[in-house]
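**Q** I need the structure of the sequence given here:
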Amino acid sequence: MARDVHEHRNPAIRYALLTLGWLSVALGVIGIFLPVLPTTPFLLLAAACFVRSSRSFYLWLIHHRQLGPWIRDYLEGQGIPLKAKVYSIALMWLSIGLSCYLVALPWARLFMLSSAVLVTLYILRQKTLPKR
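**A** The predicted model follows:
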């Protein structure tokens, strides 16, 4: 990974970025088990926070045995595995469909469906990682 780590000079900003980074890691890990939460965007946010706040945490995250390959592949422009695309889109639409069924507020349904469409388009536009 040839990405330079530029830690912010202001300690308050550095600690805020560290806090946001760890919160993002926690939400990303929860997202592995809870289909309503996306995993990859939170892990990418964590990497962006760590790259500006802590070289050691950034390197830990991108070299993590389970989480690292997804982040590295995305950051290096190699793409997202087809299985991950299918799994992400299917689970997202399943959870959004169930949520729309349970929530009777039209504005909330519109927001959830709009979000699902935009996230689906984003995922589909990403390069598909070739099988190794």
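
**Q** Now do the helix or strand Phe42 falls within: distance to the chain's middle.
**A** When secondary structure is defined using DSSP states H and E, the element that contains Phe42 is helix 40-51. The offset between the C-alpha centroid of helix 40-51 and the centroid of the whole chain comes to 7 Å, using Cα atoms, centre = their mean, to the nearest Å.

**Q** next one: stretch 98-105
**A** Stretch 98-105 sits 24 Å away from the centroid of its parent chain (Cα atoms, centre = their mean).

**Q** what mean pLDDT would you report for it?
**A** Per-region confidence: stretch 98-105 scores 92 on mean pLDDT.

**Q** same thing with stretch 121-132?
**A** Averaging pLDDT along stretch 121-132 gives 84.

**Q** Only alpha carbons, please: show it as PDB.
**A** The C-alpha coordinates for stretch 121-132 follow below in PDB (Å, rounded to 0.1, in the frame of the first residue of the first chain):
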ATOM      1  CA  LEU A 121     -26.200   2.400  -8.500                       C
ATOM      2  CA  TYR A 122     -23.000   3.300  -6.700                       C
ATOM      3  CA  ILE A 123     -22.200  -0.400  -6.100                       C
ATOM      4  CA  LEU A 124     -23.000  -1.400  -9.700                       C
ATOM      5  CA  ARG A 125     -20.800   1.400 -11.100                       C
ATOM      6  CA  GLN A 126     -17.700   0.200  -9.100                       C
ATOM      7  CA  LYS A 127     -15.300  -2.000 -10.900                       C
ATOM      8  CA  THR A 128     -15.800  -5.800 -10.200                       C
ATOM      9  CA  LEU A 129     -12.700  -7.400  -8.700                       C
ATOM     10  CA  PRO A 130     -11.500 -10.300 -10.800                       C
ATOM     11  CA  LYS A 131     -11.400 -13.700  -9.200                       C
ATOM     12  CA  ARG A 132      -8.000 -14.700  -7.800                       C
END
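
**Q** Which other helices and strands does the helix holding Phe42 contact?
**A** Contacting helix 40-51 under the criterion 3 or more Cβ pairs under 8 Å, 6 or more residues apart in numbering; DSSP states H and E are the following elements: helix 11-33, helix 55-62, helix 68-75. Just so you know, the C-beta spots here come from the backbone N, C-alpha and C atoms, and that holds for glycine as well.

**Q** Thanks a lot, catch you later.
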